[in-house]
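[1] Structure for this input, please:
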Amino acid sequence: MASRTGVALGPRRDDGATPRVQVQAGRFGRWSPDSVSVDDVPTNAQLSNAAEPLVSFVVPAYNEATHLPETLGRIRDLDTELPYETIVVNGGSDNDTRFLAAAYGAILDR
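    Numbers count the residues shown, from 1 in each chain. Model prediction:
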């Protein structure tokens, strides 16, 4: 993953083990080895509105035209039925970052 900040989804496992999610802190925080299991979500949890995104991927991208296609491509190719959105924080890039983000259908911030 090109970004140092974000959520890393554990690999799918064939042994029936519960997938785990690790939350990573970026340069303003420290790495936390804590994981959250999908078993920690209450069984009565429901989507209140399937049209609304349940997950937001926020990608910091100052002059990241070189790495952005791989990052956004991996998000796009996730095997999930959960509604999600991808937000690219451009930060005033002076290369093709904003055009690439738009090409992948990301929401642009700035």
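
[2] hey, let's count contacts and neighbours off CA atoms from now on
    Noted.

[3] Look up the pLDDT of the nearest residue to residue 73 once chain neighbours are set aside for me, please.
    Counting by Cα to Cα, 6 or more residues apart in numbering, residue 73 lies nearest to residue 104, which is 7.7 Å off, once chain neighbours are set aside. pLDDT for residue 104: 89.

[4] three-state assignment of residue 58?
    Assigned state for residue 58: strand (three-state reduction, DSSP: H, G, I helix; E, B strand; the rest coil).

[5] Have a look at the protein and report its longest helix.
    The single longest helix within the chain, with elements called by DSSP state H, is helix 68-76.

[6] Buried ones in that one, by neighbour count?
    Residues of helix 68-76 classed as buried by neighbour count (16 or more other Cα atoms under 10 Å): 68, 69, 72, 75, 76.

[7] Then stretch 87-105?
    Residues of stretch 87-105 classed as buried: 87, 88, 89, 90, 97, 98, 100, 101 (neighbour count, 16+ other Cα under 10 Å).

[8] In strands, which of the residues you listed fall?
    Residues of those located in strands (DSSP state E): 87, 88, 89.

[9] Who are the contact partners of the last one?
    It stands for residue 89. Listed by Cα atoms under 8 Å, 6 or more residues apart in numbering, the contact set of residue 89 reads 58, 59, 60, 61, 62, 108, 109, 110.

[10] Could you check how far it is from residue 79?
    Using Cα to Cα, to the nearest Å, residue 89 is found at 24 Å from residue 79.

[11] try the second one
    In this view, residue 88 and residue 79 are 20 Å apart by Cα to Cα.

[12] before we move on, back to that, just checking, what packs against the longest helix of the chain?
    Where contact means 3 or more Cα pairs under 8 Å, 6 or more residues apart in numbering; DSSP states H and E, helix 68-76 is packed against helix 97-103.

[13] Tell me the first helix or strand C-terminal of the helix it packs on.
    strand 107-109 (DSSP states H and E).

[14] Flag the shaky bits of the protein, pLDDT-wise.
    Along the chain, the parts satisfying pLDDT under 70 run over 1-51, 110.

[15] rerun at 50
    1-13, 18-38, 40-49 (pLDDT under 50).

[16] returning to what we had before: pick out whichever of the buried residues of stretch 87-105 sits closest to residue 53.
    Nearest to residue 53, judged by Cα to Cα, of those is residue 87 at 11.5 Å.
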